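I would like to see how this sequence folds:
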Amino acid sequence: MHVLGLLGAQRPDGVTAKMLAAVLKGAQTNATVELINLNDYHLTPDHDGQPNPDLDKLDAKLAAADVWVLAAPTYIGSLSGVMKNFMDAFRNRIARYNAVGEAVPDRFKNKHYVTITDCYAGGVENYVTGVTDAAFKTMDKFLTMGGLIKLREIVITNTYGMTALTPAKQAEGERVGQKAATKKERDDNTVKRYIQLFFMIAVMALLTMGIEAGIGKLIPLTNFWAYYGCFVVVFYVLLASILHFFTVVKHRRR
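Sure thing, here's the model as predicted:
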């Protein structure tokens with residue numbers, strides 16, 4: 001097992017780098033690790049007939065790694081330019097493209113990844129406004145385009161003036177790294193997802209029936225279609241809210 005850390009930050013000794021180091025320290029107990037500072041590479045997109053030695057070197061390292069750990073701070077509500085430049089340059093290598101320009105996972109498929117970001121905002125502010133969401137979404141979109149499987153994301157808040165990780169964050173990073181280094185090659189969460197879906201629907205149906213019983217005390221629902229229509233509307237609102245939470249809102253924002 002080989003774990004590769006990619007640092008896309010302006011400072012090699014900042015909070016982002018320290019969290020990446022903590023993850024690699026944890027991974028080192030069960031795997032070989034390597035740290036790459038993207039600032040050390042001159043990364044540009046491929047052009048026909050032109051050599052791209054730095055991108056080739058990085059390509060080989062990424063292909064040899066089982067787990068990628070991408071670490072980049074959130075600047076002005078988005079991903080740092082250093083990491084974004086890497087993604088832009090590597091875009092045509094992370095996946096292959098079919099005849100209509102759709103990205104198809106290829107040689108990096110089923111590798112695993114961990115993402116790290118941080119911001120000046122406090123934990124409550126980040127939780128409410130989602131300051132770090134854009135950074136995570138950008139990294140997720142790039143990596144899942146190549147068929148990589150997400151293991152975990154880590155966020156550090158209140159980083160203004162911070163020079164060292166708190167003991168809790170240091171321990172979290174090492175714990176995530178140790179777990180990532182023992183992850184099996186492939187994941188098959190089909191059964192797990194069906195079980196989660198079953199309980200999600202069961203809970204939503206129970207809540208819908210409870211809400212509908214309350215509505216029935218205010219508005220008579222003696223007609224079948226009135227009862228059915230009320231159930232559908234309430235169930236839809238609950239389902240939409242839950243899906244929005246899990247697909248848009250739910251990040252490890254603190």
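
now the residue of the chain positioned farthest from its centre, what's its secondary structure?
Distance from the C-alpha centroid of the chain, by C-alpha atoms, centre = their mean, peaks at residue 222 (47.3 Å). Reducing the assignment at residue 222 to three states with DSSP: H, G, I helix; E, B strand; the rest coil gives coil.

and the gap between it and residue 23?
With distances taken as C-beta to C-beta, to the nearest Å, residue 222 is found 60 Å from residue 23. Every residue, glycine included, has its C-beta placed from N, CA and C.

next one: residue 34
For residue 34, the distance to residue 23 - C-beta to C-beta - is 12 Å.

now residue 168
According to C-beta to C-beta, residue 168 and residue 23 sit 14 Å apart.

now swap in residue 50 and tell me
Residue 50 sits at a distance of 35 Å from residue 23 (criterion: C-beta to C-beta).

of those two, who's got more company?
Legend: neighbour count by other C-beta atoms under 10 Å for residue 50 and residue 23, higher for residue 23 (29 against 8).

That one against residue 116, yeah?
Yes: between residue 23 and residue 116 there is a contact under C-beta atoms under 8 Å: 7.0 Å.

Now for the two: what residues contact both?
Listed contacts common to residue 23 and residue 116 are 69, 71, 154; contacts here mean C-beta atoms under 8 Å, 6 or more residues apart in numbering.

Let me have the residues you listed in JSON lines, extended by distance to residue 214, neighbour count and pLDDT.
Shown next, in JSON lines, are the shared contacts of residue 23 and residue 116 (distance: C-beta to C-beta, whole Å; neighbours: other C-beta atoms under 10 Å; pLDDT from 0 to 100):
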{"residue": "69", "distance to residue 214": "48", "neighbour count": "29", "pLDDT": "98"}
{"residue": "71", "distance to residue 214": "48", "neighbour count": "31", "pLDDT": "98"}
{"residue": "154", "distance to residue 214": "41", "neighbour count": "21", "pLDDT": "96"}
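
Pick the one among those residues closest to residue 41.
Using C-beta to C-beta, residue 71 comes nearest to residue 41 of the shared contacts of residue 23 and residue 116, at 15.3 Å.

which residues sit in contact with that closest one?
With C-beta under 8 Å, 6+ apart, residue 71 has these contacts: 5-9, 16-17, 19-20, 23, 115-117.

Export those residues to TSV and append columns for secondary structure.
Listed next are these as TSV, based on three-state DSSP:
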residue	secondary structure
5	strand
6	strand
7	strand
8	coil
9	coil
16	helix
17	helix
19	helix
20	helix
23	helix
115	strand
116	strand
117	strand
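
Alright, that wraps it up for me.
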